[in-house]
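A.B. asks: turn this into a structure:
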Amino acid sequence: MVVRHLTTDEFKSNVFDYTKEKEWKFLGDKPMIIDFYADWCGPCKMLAPIMEELSSEYGDQVDIVKVDTEAEQELSMVFGIRSIPSILFIPSEGQPMMQAGLLPKHVLESVIKDKLITEAEPSS
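C.D. replies: Here you go, the predicted model:
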């Protein structure tokens with residue numbers, strides 16, 4: 001499954017409209033991961049295939065999208081992106097979590113399982 005690109009306008013209409021709301025209110029219907037990247041960024045290029053794999057494996061439970069920090073500068077400024085890659089984890093309920101830097105796949109999977117899709121699965 002190909003990771004789609006998210007524009008600032010799509011973010012405001014489908015994720016959170018920071019121009020109208022002060023308190024975080026997620027508009028999506030399932031948890032989301034946003035990969036803030038740039039085409040020239042080496043670690044971002046290393047992360048891209050991992051995000052593609054995660055999208056194939058978890059795409060029915062979690063939306064995985066990319067934001068080009070060069071093209072979507074307003075959105076990058078709203079989240080204070082200073083280094084890339086930066087990954088925004090958005091659970092269905094609760095506050096989003098930002099993590100800067102290249103994370104290995106097993107760490108990303110554990111965040112998905114522990115923080116994003118836990119409410120969808122019965123606890124053991």
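
A.B. asks: any idea how far the nearest residue to residue 25 once chain neighbours are set aside is from residue 57?
C.D. replies: Take residue 25 and drop its neighbours on the chain: the residue closest to it by Cβ to Cβ, 6 or more residues apart in numbering is residue 16, 6.4 Å away. From N, CA and C alone the C-beta is placed, and that goes for glycine too. Applying Cβ to Cβ, to the nearest Å, the value for residue 16 to residue 57 is 25 Å.

A.B. asks: one more: residue 51?
C.D. replies: Residue 51 is 11 Å from residue 57, by Cβ to Cβ.

A.B. asks: assign a three-state SS to residue 11, would you?
C.D. replies: helix (DSSP: H, G, I helix; E, B strand; the rest coil).

A.B. asks: give me phi/psi at the nearest residue to it once chain neighbours are set aside?
C.D. replies: Using Cβ to Cβ, 6+ apart and skipping the chain neighbours, the partner closest in space to residue 11 is residue 75 (5.6 Å). Residue 75 has phi and psi values of phi -60, psi -40 when expressed as degrees, to the nearest 10.
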